[in-house]
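K.L.:
my questions concern the predicted model and sequence given below.
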Amino acid sequence: MKVRITECLDIDLETETWCCNRCGHPLHGARDDYKKGCLIAERDPDEVYPPELKGQEYGFRPDPNYSRLIEFYCPNCAVLIESENLPPGHPLTHELEIDIDALKRRHGR
Amino acid sequence: MSSTAYGRDHEVVQRLRPEPPSAEELAADELVSGVEFDIFRHKMKMVAQEGKETTMRLGASTGMRWGDVAFGIFTAQGDLAVCATGIYFHALLGQLPIKFLVKHWRNDPSVGCNQGDSFFYNDPFYGGVHAADMGLAIPIFHAGRLICFAAAAVHTGECGGTDPGGLGNGSRSRYDDGILIPPLKVGEGYQLREDILTMLATMNRDPRTMILDIKARLAAVRVVERRIQDLIAEKGAAFFVGALRRILTVTSEAARRKVSRLNDGVFRQARFIDTLGVEPGLIKVMLTVRKKGDKIFLDFENTSPLIPDRPLNCYFQGAVALAALYLCGWFFYDLPANNGLLEAVEWKFPDDALVNAKGDATTSLAPLSMNTVYQAMFQCGARMTFSYDPERAVASWFTAFAVPFYGGLNQHGDPVADVTPEMNSCGAGACRDRDGVHSAGSFFASMSDCSDVETSEADRPFVYTFRGHFDGSYGHGKHRGGSGTGFGMMVYEVPAMHMGGFGNGSRHPATPGVFGGGAVPPVFIRTVRGSNYRSLLAERAQRPRNYGELYRPENPETGTPVYHDISMPIEPLNEGDTFYVCTGGGAGYGDALERDPRAVLQDLRDGVVSAWAARNVYFVATDEHRLRVDEEETARLRAAERAARKRRGKSWEAFHAEWNRKRPAPEVIRGYGSYPDPLDGMAAQDRPTAAA
């Protein structure tokens, strides 16, 4: 049985695994950080921000000294599961730590 | 003073949750039957609503006129039982000044708390935010017995700080923040004291607004006092007291029951602020939400330390109230908003933290750090609630203000100092099944408005050059955020005006998306000194009609353009100079590649997405002349982008091999604490313990 946790993440209660909601691909153990099973990319600002005011101190793109865009993809179907705006080198956020035992009890497992 | 030493009362500010029921309340509970209670609750809601509307109709400040008003009815012990507001945190925090006056003044022979009295306050230690937020409360009696309190709290846009407009980017201590008044009796026997009003007016750059706002609050609470007296005459004082307490009791029970339906677990969000006030700098707010059983536990460990001489600090009570703002507005949207909700919430703040201000630290820009707490709560909330109620898993509304503040003489020769009402005109975050609403309002004051420009121009020394949506102001996604509001202003019919900017997010996005949705782009200010705009206006020449056209080569405005951080120090602008800014839009929800190409096309038709974003973010191919989607080419572009994701994506280990070598420059993190975790390096015994 799979339980939907977010827009793109399910937990398979039998295997205790994070799975992609779009393609069902198993990502990583559900007692750990699902991001460990994703493809992770730091984006090139030129690809994701508009060209206006490029090179100015202020404009429509973040200052790379302050902020980088990190994306997490399903390795099978490449859906964008989550993204983070982080200062350079800042640890990725372990944002979801579901109590698997409690989740199983809730669903009668 | 009979019950405390002179100085701030650290005990009373801990009392955000309901007081234990009094013997009188317990005895009265049996008088309150089910149907009678429901009718009472509805009536009280309407009474509070009348109080809110009256405050808005009579006030003068931007915040008051456009709905940043919290009207509350409190028990005799000071608990918030009923409120009418979208700015819930002011209502929740409004109980602290009342609990202070119950504790200290009620039985003090030199002050007292009697029928016909009124109390004013703005010390953020009790109000929880900053000095520009001011309140007025009255006790309501029946047959000589204290029954309850009524209070109105509103941001009055000027508080006598070092900078005009209620927001001191350059504050260095709380003595720069302006007047700081703990609960002060300003009226007795149904009369305001003119000597005290004169003192307050003298300590403020905009005395007319200050006094009108005080009188508006007072008029509103007096209207509510009459309604409550009528209700007591009909139902009896004991019923009233019992029913008011019952509201808190049933709210607490319902809140805990609702929390118990969420999945247990730990939810984390790190958020970053990119200004220290007048200079850039990175600071961190770290929120860890532990949900277990019927309780939500908020932990702020590893938040950046207090910066005593910079204005971003906030009091812990303000941080709790902003987390509760999310709960009132989104998760507990179907429950009454009162402090009974906080029975489901616990919190822990490090002693040395930006979000636990102490001593003489300034809190002038506390709304920025408080909003960041809220933003973190919103992100955790989306992940916490999706399984239970996905409709509540919403991407964030813009959380960083991005508005001008100003001070000077207006075109009528009167002093004015305030912020502009576009703080209530940000974009809404996208939802699971729809886009965010354009210029929807304010996340922190959801029952507010942004004025029409003519009303603002009537007594403010500027004219709007344009105001409208901007296609580059929101986060993209499967569902996109609503557009923010771009606007321009020209200083008009005065020799000069002092203007600055209030907000954050010029360097680091203030409002990230959720579930892969895009963040709100940076916000900043453009000024043009020596602008020819007035000539263009006189000649009826083509001028920028929206924020996007400012940045096109054909923009005919000449002069000296300068770009500023959104947290712009206040400076004089001369008549004819222009000032441009755009409030942020809402954050995006989900993967932009999953957005229906027809929705992208509709946005192109409506002018709310750029051709660049349609092609490079959504990977939708269109015939720009016929405005049709090329479905085949779109499918090809999207398949190519998915393949590109697989090529650029790295495994956890390979990503960290590069990422761990990166670090911000030292000047970027000078106010941050130890990077990346501000507590690193502290000995275990020195680590902060629970302060609240």
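P.N.:
Yes, it's here. Numbers count the residues shown, from 1 in each chain, chains lettered A, B, ... in the order given.
K.L.:
alpha carbons only for contacts and neighbour counts from here, please
P.N.:
Will do.
K.L.:
tell me the centre residue of the chain?
P.N.:
Reading this off chain A. Among the residues of chain A, residue A:82 comes closest to the average C-alpha position under C-alpha atoms, centre = their mean, at 3.2 Å.
K.L.:
not what I meant, chain B
P.N.:
What sits nearest the mean C-alpha location of chain B, by C-alpha atoms, centre = their mean, is residue B:444, with 3.9 Å.
K.L.:
does it touch residue B:90 like I think?
P.N.:
No. Applying C-alpha atoms under 8 Å, one finds residue B:444 not in contact with residue B:90, separated by 9.7 Å.
K.L.:
quickly note the distance from whatever residue of chain B ends up closest to chain A to residue B:602.
P.N.:
Shortest chain B-to-chain A distance, computed as C-alpha to the nearest C-alpha: residue-wise this is residue B:516, at 3.8 Å. Taking C-alpha to C-alpha, to the nearest Å as the measure, residue B:516 falls 22 Å from residue B:602.
K.L.:
by residue count, what's the longest strand in chain B?
P.N.:
Across chain B, the longest stretch assigned as strand under DSSP state E is strand B:280-292.
K.L.:
so which other helices or strands are in contact with the next helix or strand after it?
P.N.:
Going down the chain from strand B:280-292, the next helix or strand is strand B:295-299, by DSSP states H and E. Judged by 3 or more C-alpha pairs under 8 Å, 6 or more residues apart in numbering or on different chains; DSSP states H and E, the packing partners of strand B:295-299 are helix B:237-260, strand B:280-292, strand B:345-348.
K.L.:
using a markdown table, lay out the ones you listed together with mean neighbour count.
P.N.:
Supplementary listing: those in a markdown table, determined by neighbours: other C-alpha atoms under 10 Å in any protein chain shown:
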| stretch | mean neighbour count |
| --- | --- |
| helix B:237-260 | 21 |
| strand B:280-292 | 23 |
| strand B:345-348 | 18 |
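K.L.:
below-threshold pLDDT in chain A: ranges please.
P.N.:
Applying pLDDT under 70 to chain A flags no residue at all.
K.L.:
tell me where it has helices.
P.N.:
With DSSP state H applied, chain A shows helices at A:45-48, A:100-106, listed in chain order.
K.L.:
just name the most buried of those helices.
P.N.:
Here the criterion is mean neighbour count by mean count of other C-alpha atoms under 10 Å in any protein chain shown, and of the helices of chain A the winner is helix A:100-106, at a mean of 15.
K.L.:
once you drop chain neighbours, what's closest to the residue of chain A found nearest chain B?
P.N.:
In chain A, the residue that lies nearest chain B is residue A:82 (3.8 Å; C-alpha to the nearest C-alpha). If the residues on either side of it in the chain are set aside, residue A:82 comes closest to residue B:516, at 3.8 Å by C-alpha to C-alpha, 6 or more residues apart in numbering or on different chains.
K.L.:
next, the buried residues of stretch B:418-438.
P.N.:
With burial defined by 16 or more other C-alpha atoms under 10 Å in any protein chain shown, the residues of stretch B:418-438 counted as buried are B:418-432, B:435-438.
K.L.:
got it, and stretch B:190-201?
P.N.:
Applying a neighbour-count criterion of 16+ other C-alpha under 10 Å, one finds B:192, B:197, B:200-201 buried in stretch B:190-201.
K.L.:
phi, psi of residue B:613?
P.N.:
phi -70, psi -40 (degrees, to the nearest 10).
K.L.:
which residues touch it?
P.N.:
With contact set as C-alpha atoms under 8 Å, 6 or more residues apart in numbering or on different chains, residue B:613 has these partners: residue A:50.
K.L.:
how about the helices of the stretch 51-200 of chain B, start to end?
P.N.:
With DSSP state H, counting those that start in this stretch as the criterion, the stretch 51-200 of chain B has helices at B:62-65, B:88-93, B:95-104, B:124-127, B:194-202.
K.L.:
highest mean neighbour count out of those?
P.N.:
The most buried stretch of the helices of the stretch 51-200 of chain B, if neighbours are counted by mean count of other C-alpha under 10 Å, is helix B:88-93, with a mean of 30.
K.L.:
list the helices and strands that one packs on?
P.N.:
Contact analysis of helix B:88-93 by 3+ C-alpha pairs under 8 Å, 6+ apart lists strand B:69-75, strand B:80-84, helix B:124-127, strand B:145-155, helix B:316-326 as its packing neighbours.
K.L.:
ok, residue B:24 to residue B:78 distance?
P.N.:
15 Å.
K.L.:
who's more crowded, the two?
P.N.:
Summary of the neighbour comparison: residue B:24 and residue B:78, criterion other C-alpha atoms under 10 Å in any protein chain shown, with residue B:78 having more neighbours (26 against 11).
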